[in-house]
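# no FASTA, just this:
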Ligand SMILES: Nc1ncnc2c1ncn2[C@@H]1O[C@H](COP(=O)(O)OP(=O)(O)OP(=O)(O)O)[C@@H](O)[C@H]1O
Ligand SMILES: Nc1ncnc2c1ncn2[C@@H]1O[C@H](COP(=O)(O)OP(=O)(O)OP(=O)(O)O)[C@@H](O)[C@H]1O
Ligand SMILES: Cc1ncc(C[n+]2csc(CCO)c2C)c(N)n1
Ligand SMILES: [Mg+2]
Ligand SMILES: [Mg+2]
């Protein structure tokens, strides 16, 4: 309750501003269409209005405001248009239909989850290496940072082609791109986590003559759990972005990314916006799922509140 | 095949050398701290070169590093122009605007608990919008030149910064705030003398994350429309022309610029948060 | 790789749309099957360079515009045209009439949206033939790398943009612009037309008789598909729509597109006309300071496949 | 100076109310040195925080210098020393001491003068330019005391200021604190866990006991104002210490 | 049992070497209770860590049970209790105590038996299923001692185990520790800052002084093995305490 009300207020304000913004954004096309339909617009003629400010135009033609919220391919779709489209493409379509966002969402989700799995495992293994080998610590970290400054969209097509030439196709290349984005936060978080035990706790292990692996399993790993989940939350969101980026150079035939892209080729703004929102909702659900896992795990470990 | 084996041998040798240095007596010197990653990076490059040559990988799929370096050296004026367009105009301006906006919002959110509870969940939702979706929209709204790239960067860095600054402002202990109270300090007094300095480690954490985001955002946004200059423009056009050496030269610029950007922020961090245990080492 | 099997992968140069109707029709109607081929059609997009896919072994054949294919050839990737289903070019510039543009010379000082990614070559040749610089300024044109929709024109960010007769032009009209508000320049009419949408394969593969035979069958079946599509545009559009997995296409748009596409394929039986080839090469070689190709290419096409296929 | 009448403070927590203070009556006169001692959780800190207006009593009356605690806080009537030194790591020692002076709007010259003065007072002259982490724990604690002294409030409230220090350093600081008190005539409220410390320092020892937090004993010390460290081996001292220990043990539950 | 001969330990730091221990000679016999006391930084912890083979001396000789410390560590000859309880928050009290047993490869049944035994020993029977944060500080410290006792090493090394506790709890734990020592006959090395604690507990008090860390006095206690808390008010006790305090003060630099 303590958050629902403020969120509702903020959302209401945003929706209000959004509706208002639709007017100047879409007024030019609305005017042209209205004129074509026989209405009198001030000033007359599209050429006349072309270089006119949107707000001025809106103020002189209050009668067509309604049209700015009901266009087919608006520059900025109105909130209810996006919601309607979301509703129609999720609830009202069969999930097997290629026009169903659930279908596309599932395609993206499967690449996301696979990539997230690969990225997480790789990230944890790398972190284990870094914590246990000074040479790895010193050599890998700077390059891991540098790797994240490479624009993934630029190399994604090459990754796809290279993997293609060794016979990997379909889900795997997308998952690898998704893993590339998610491994970094996991490495950084887990290195921190594995190093979170105090010197005293490590000394304690030594007084018991614990081996390296015992120290790892009984001390470092459990101590790193809070860090693990913090990075998993960032990592899964990054995975989703990666899966979407990975969809573009694979022919963009299926998935939310493909939806975004093809929507933009044909100027179908409502479709773009609904795919965008579907992505954000998916991200929120995924992060919430990780958070739920976190609560359950920490509770079982006895460290949850 | 011989070259591939040579690559593996070199890998082994370099790794052995690194282990020697890292576990040796000089491991904590500046020299070692530079040498180890440098050797590692060099090895990667040498292996790349040898494997590409050894397996005869076509240039249009993956050019050898030597070809990339030649292309880089030959195209300095183009690369420079692209760098200015994308990094200086697009990424930097967006970065500055985004961080400043996040800062102002963080203060508002800090002053009003209502706003915090309302804005943060909505903000995290908006932050989850993927750049491939938002970039075309922003290009449509703000035009082809750097302004739309800056807008993409603003959208990308705003939320991570907001989260970090707000978390940082919470970073003071109850005791420190009580202390301020015992001196009857006002909001701004305790903001400037206590909360902001205490927030700095977090702020810099956000600034570092955002520095790489900014660069990537500016480049990727150019894929969705641009003038005929810029790193993203060059990359996408060069792929079409199969000039993969040029693509990698631009990626090299991106990595150099990104690492330098990150490095500069880290350096300033060191100067500003000299007092933080993590910096005292 | 061995080419003894019967599979063919075709890399398109854009997303599934009626531009590629012939291949989808051939697939749907079983023409490939009749030839004993298993054909897989790989949709493209702005992130996919078909020559690169070909080089990486991800496809056996690709569709490409000839300027881009010839440039790839010069870059050391020997691709060869084996068939040319598109006779004429659908590329054009669409401008607002109220900018005062009436002829190419009026482009000076204007902003023009151009597709890059290997598709900028025809435009650059044209401009250099007109003697107009593409570096902006009073006497040159300011070039934008346009995205793949018509927003820049609608939003007036550009005075002219590149459109295809069959796709983007229709989108401009859909956006509520009437034809008399626009001025269009078809490359075909300007005498700078270059060949579009040809079928290309790697030269080295052609040395393999098994591969050659496969291509003969492929081209034969594809052309059968094209001719069927030309005659039954509505049905062809429906087939394309069925193959579009994104669910983003609309029927009206695909039907119109099919109608326009049919005009471009009409004059071709699939065989490349060497005269068209020569015209394309000449146009490109006239490319001024930053030429697309520096020398007339050798062996960039072969008629062997179509000769055999169309017998 | 400070006067509490049947003071109550109840914290509402999610598993029921906690009676941190119940019916606390106490008068502290000007220039007194009052120690509060008692087992963990008996409300020592809470009481000090009430005086400092960091906590609002839920019942009873409390005046500080004849005003409400809130007004006294606004009037900057007291300096407060927390258990941990709580110095800002990004400011030098001098900068830390200067901080409340900046906030209270002292002139630059005045700030400089006072910083030097209090640094002298706590034996830290010459360390003004160092950062807190470059000093030992004892030195940090002294700097924190200097900071509370810098703006010269009449009342000094100290919550276990020497808890983290070793016995020798603690002895030394105890001596210094006594000297300072003698020199300045401030009123001091002092929380401690150590019986010898309480006895050694105070003119009045307040023994508290928990659940609910209340005062079980108030012992006026017969020791003279002049107290060498050796006084701790005298019978009077041991006598008072014994009484305090008994008072404590009575109220203590062996966790 | 433990024997050090002119032991040296120098840390190399970036601003020069630190002589943490210099020429330390000490013999600890079986069953003794030895306290180490001295100002901060005098090397108490370092000496204990040398015995535990957590630190390697740079000179001199050190044997534990006749072996090198490293071998003694491998042979699990000692239990070590750190200043903070250092319990793992994700394990229950029983799980925490079990941890060294798991590491040393005791059988499950044996683990269970021993856990119950030591929980009994430190008066925590019935708390095995609780998590550390559900216990008070004193109880946590007892659990930590139980853990060091669980594998039944001959030697118990304790580094300021009660530093963070309040005086009453501390008194109580001191009593318990003495009882436990009497019952088990272990050899105990104990670091503390508190003079009464050192005197109350030990058969031998080692006074150390810093820069470089060395032993300035070794005091054998004449107190009987049976020690009620009241013994602290007897003249013998005060006498020893006085001697320790003098020894300490001599070696202390006031910072
Ligand atoms: N903010 C709070 N909310 C709820 N309960 C509180 C709060 N602050 C203190 N308490 C409770 O009030 C009681 C008194 O706490 P207080 O801190 O005054 O004890 P104390 O005597 O200072 O103990 P210690 O010696 O451990 O510092 C305790 O039971 C404590 O748990
Ligand atoms: N790892 C280390 N590197 C460098 N110097 C160290 C290290 N550990 C301890 N020292 C130094 O060695 C000296 C002795 O330290 P030690 O921790 O043994 O003191 P101590 O007697 O236990 O003090 P305290 O009572 O504060 O715990 C100190 O001057 C300390 O700064
Ligand atoms: C990556 C890529 N970008 C642009 C084109 C140019 N092009 C050729 S056909 C077509 C679709 C027209 O509706 C477009 C845009 C391409 N082929 N490939
Ligand atoms: Mg307290
Ligand atoms: Mg110590």
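All right, it came through fine. None of the values given here were measured: they were computed from a predicted structure. Ligands and ions are numbered 1, 2, ... in the order given.

# Can you name the residue of the stretch 51-200 of chain A nearest chain B?
With Cβ to the nearest Cβ, the shortest gap between the stretch 51-200 of chain A and chain B falls at residue A:149, namely 2.4 Å. C-beta coordinates here come from the backbone N, C-alpha and C atoms, glycine included.

# Distance of the spatially closest residue to that residue that is not a sequence neighbour relative to ligand 1?
With sequence-adjacent residues excluded and distances taken as Cβ to Cβ, 6 or more residues apart in numbering or on different chains, residue A:149 is closest to residue B:258, at 2.4 Å. Separation of residue B:258 from ligand 1 (Cβ to the nearest ligand atom, to the nearest Å): 46 Å.

# Ok, residue C:215 next?
Plainly put, residue C:215 is 82 Å away from ligand 1 if you go by Cβ to the nearest ligand atom.

# pLDDT averaged over the host helix or strand of residue A:16 - what is it?
Taking DSSP states H and E as the definition, residue A:16 sits inside helix A:4-36. Summarised as a single mean, pLDDT over helix A:4-36 is 88.

# Then stretch A:263-277?
Mean pLDDT, stretch A:263-277: 86.

# Run a quick neighbour tally on whatever residue of the stretch 51-200 of chain C ends up closest to ligand 2.
Residue nearest to ligand 2 within the stretch 51-200 of chain C: residue C:56 (55.6 Å; Cβ to the nearest ligand atom). Residue C:56: 22 surrounding residues under other Cβ atoms under 10 Å in any protein chain shown.

# Kindly report the same for residue D:68.
Residue D:68: 14 neighbours (other Cβ under 10 Å).

# hey, where'd the helices end up in the stretch 51-200 of chain C?
Counting by DSSP state H, counting those that start in this stretch, the stretch 51-200 of chain C has helices at residues C:66-74, C:121-130, C:151-154, C:168-174, C:187-190.

# could you dump those helices to a markdown table with distance to ligand 3?
Written out in a markdown table, the entries for the helices of the stretch 51-200 of chain C read as follows (distance: least, Cβ to the nearest ligand atom, whole Å):
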| stretch | distance to ligand 3 |
| --- | --- |
| helix C:66-74 | 8 |
| helix C:121-130 | 10 |
| helix C:151-154 | 14 |
| helix C:168-174 | 6 |
| helix C:187-190 | 13 |
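
# Same list (those) but as a markdown table, adding mean neighbour count.
Output for those, formatted as a markdown table (neighbours: other Cβ atoms under 10 Å in any protein chain shown):
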| stretch | mean neighbour count |
| --- | --- |
| helix C:66-74 | 25 |
| helix C:121-130 | 22 |
| helix C:151-154 | 24 |
| helix C:168-174 | 20 |
| helix C:187-190 | 17 |
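
# Please produce TSV containing these, extended by mean pLDDT and distance to residue E:160.
As requested, the helices of the stretch 51-200 of chain C are arranged in TSV below (pLDDT from 0 to 100; distance: least, Cβ to Cβ, whole Å):
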stretch	mean pLDDT	distance to residue E:160
helix C:66-74	88	75
helix C:121-130	83	80
helix C:151-154	85	72
helix C:168-174	88	78
helix C:187-190	87	87
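
# Would you format those as CSV with distance to residue B:71 included?
Shown next, in CSV, are these (distance: least, Cβ to Cβ, whole Å):
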stretch, distance to residue B:71
helix C:66-74, 16
helix C:121-130, 20
helix C:151-154, 31
helix C:168-174, 33
helix C:187-190, 31
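
# helices or strands next to the helix holding residue A:16 in the packing?
Packing partners of helix A:4-36 (3 or more Cβ pairs under 8 Å, 6 or more residues apart in numbering or on different chains; DSSP states H and E): helix A:46-50, helix A:54-60, helix A:65-68, helix A:79-90, helix B:113-127.
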